[in-house]
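**Q** Following is a predicted model, sequence given first.
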Amino acid sequence: MRELQNRTQKQSLKYTDLQDRGFKNMDKLTELENALKIQAFDVSDKVMEQVYQKATPKKGNIGKIHFQPRITVPIMILLFVVGASVTGYAASQYLEFRNSKGDVVLNTAKTPAETDASKTHSSTYTRWNEEAKNRLQPGEYAAYYVKDDSMNQNNLSNLALFAYKPAELSSFNSLQDEIKRTEAPLFSNPTHLPDGYQFEFGYVYPIAAYPGMMNKKEYRALTDKLMQQAKAAPKGENLFIQKLNWNKSDSSFARYARGNDYVNITVTKYTPEVTKTTIMQNEQDSAEQLTIKGTKAYYIRASEASRPLEAGKNRLGWLDEKRHLHYNISDNQDSPLTKDDLVKIAEDLLNASLQ
């Protein structure tokens, strides 16, 4: 019984605070971002921190905003944006990383304040997204439409949403096999984990079914199909799902745990069009630039006052510009780990990537 209780408690850690976080940035976007609307993926489930990515638009395409979920505590939000920076910030409080040309390729910025509107939308979205995932088997990816005006009125440009129920793999070898099968980002198993931490599970996440969806006729056709089903459905039936085939991934995830404490590693591909990545942090958090194995990295430690908004106590990450990969390491909010513990993991990952 105790073993079952411990397992249940451990599983619940994966989803801490999701109800309050799902779409917290919906109404915090610039005018341009609002005009582009939101590509609403399964943000209640994807990973670890809020990340904005600024992309250079291709000819004939004004831009795209792309939410991608990864299953762990808070949320990774990928916003591909054109125009001005996501937010202004004081250089003395936040970090900037420049490439050899002097262009800012990564920075940290203040997390915008949450509003009642974003809380309401987040709660509604999370409720329906969880219901959609409850109808899927592990490893299944699906589009869905909800007949709910309170949610759709803020998302009129892309009414079909997406949900993925990860197939959690309980061995690192199995994860590596799945990474190779789906062409997800490959990374090595760290050898310098904190004492007692062991691989718990991992998974890959599918590439968006219709990248830049607002301009895709396939996406519009899928939306129309789901909405027609909704019109023909009897009263009281509000969720309509179509499962999608997928075989390629753009993100790899692994969790290492000791009891209720854990360390998450996420490696995510970004496209060459992305020219800037912004990591969100609270004003009270401490941010520090590190150099690890010759690579510039950010380290963010959450303050006690900001913990409810952050992914964990410690976050450490960097960009591999040659391979177009973003690495992120984070822990839980009550973690006993220090910066040095995350640095040792980063050194393992960087050593392997340089070979």
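**A** Great, that's in hand.
**Q** confidence score at Ile71?
**A** Ile71 is assigned a predicted lDDT (pLDDT) of 30.
**Q** which parts of the strand or helix carrying Asp340 are buried?
**A** Counting by DSSP states H and E, the element that carries Asp340 is helix 339-354. Neighbour counts over helix 339-354 (16 or more other Cβ atoms under 10 Å) mark 341-350, 353 as buried. Quick note: C-beta positions are derived from backbone N, CA and C, even for glycine.
**Q** Kindly report the same for stretch 103-117.
**A** For stretch 103-117, using 16+ other Cβ under 10 Å, the buried residues are 104-112, 114.
**Q** Neighbours of the closest residue to Gly196 other than its chain neighbours, how many?
**A** Nearest residue to Gly196, sequence neighbours excluded (Cβ to Cβ, 6 or more residues apart in numbering): Arg258, at 4.0 Å. Residues near Arg258, counting by other Cβ atoms under 10 Å, number 16.
**Q** for Thr191, same thing?
**A** Using other Cβ under 10 Å as the criterion, Thr191 is surrounded by 11 other residues.
**Q** where exactly do the helices run in this structure?
**A** Using DSSP state H, the helices of the chain run over 2-13, 18-21, 31-36, 116-134, 149-152, 172-182, 217-232, 339-354.
**Q** For the nearest residue to Ala167 once chain neighbours are set aside, give me its contacts.
**A** Leaving aside its sequence neighbours, Ala167 sits nearest to Gly139 (Cβ to Cβ, 6+ apart; 3.6 Å). For Gly139, the contact set (Cβ atoms under 8 Å, 6 or more residues apart in numbering) comprises 165-167.
**Q** Give me the buried subset of the residues you listed.
**A** The neighbour-count test (16+ other Cβ under 10 Å) marks 165-166 as buried among the contacts of Gly139.
**Q** Dump the contacts of Gly139 into JSON lines; add pLDDT and distance to Lys293 as well.
**A** Below are these laid out as JSON lines (pLDDT from 0 to 100; distance: Cβ to Cβ, whole Å):
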{"residue": "Lys165", "pLDDT": "96", "distance to Lys293": "36"}
{"residue": "Pro166", "pLDDT": "95", "distance to Lys293": "30"}
{"residue": "Ala167", "pLDDT": "96", "distance to Lys293": "32"}
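**Q** What is the nearest of the contacts of Gly139 to Leu316?
**A** Nearest to Leu316 among those: Pro166, at 23.3 Å, using Cβ to Cβ.
**Q** Would you confirm that that closest one contacts Gly202?
**A** No - with contact defined as Cβ atoms under 8 Å, Pro166 does not reach Gly202; the gap is 9.2 Å.
**Q** Please enumerate the shared neighbours of these two.
**A** Counting by Cβ under 8 Å, 6+ apart, the residues touching both Pro166 and Gly202 are Phe253.
**Q** just how off-centre is stretch 186-200 within its chain?
**A** Put simply, stretch 186-200 sits 21 Å off its chain's centre (Cα atoms, centre = their mean, to the nearest Å).
**Q** Alpha carbons of it, as CSV, please.
**A** Coordinates of the C-alpha atoms in stretch 186-200 are reproduced here as CSV (Å, rounded to 0.1, in the frame of the first residue of the first chain):
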residue,chain,number,x,y,z
LEU,A,186,19.7,12.6,-29.4
PHE,A,187,21.5,13.0,-26.0
SER,A,188,23.5,10.8,-23.7
ASN,A,189,22.6,9.4,-20.4
PRO,A,190,24.4,11.7,-17.8
THR,A,191,27.0,9.9,-15.7
HIS,A,192,27.3,12.5,-13.0
LEU,A,193,23.8,12.6,-11.6
PRO,A,194,23.3,13.6,-7.9
ASP,A,195,23.5,10.8,-5.5
GLY,A,196,20.5,8.5,-5.6
TYR,A,197,18.9,9.9,-8.8
GLN,A,198,18.1,7.3,-11.4
PHE,A,199,16.3,7.3,-14.8
GLU,A,200,12.6,7.2,-14.2
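**Q** Next, count neighbours for His326.
**A** Quick note: His326 (other Cβ under 10 Å) scores 24 neighbours.
**Q** Now do the spatially closest residue to it that is not a sequence neighbour, the pLDDT please.
**A** Closest residue to His326 apart from its sequence neighbours, by Cβ to Cβ, 6+ apart: Thr268 at 4.9 Å. Here the pLDDT value assigned to Thr268 is 94.
**Q** Tell me if I'm right that Thr268 and Val274 touch.
**A** No - using Cβ under 8 Å, Thr268 makes no contact with Val274, being 10.7 Å away.
**Q** Neighbour count: these two, which is higher?
**A** For Thr268 versus Val274, neighbours defined as other Cβ under 10 Å are more numerous around Thr268 (27 against 19).
**Q** gap between that one and Ala297?
**A** Computed as Cβ to Cβ, to the nearest Å, the Thr268 to Ala297 distance reads 15 Å.
**Q** got it, and Asn264?
**A** Taken as Cβ to Cβ, the span from Asn264 to Ala297 is 16 Å.
**Q** who's more crowded, those two?
**A** The neighbour comparison of Asn264 against Ala297 (other Cβ under 10 Å) goes to Asn264, with 27 against 23.
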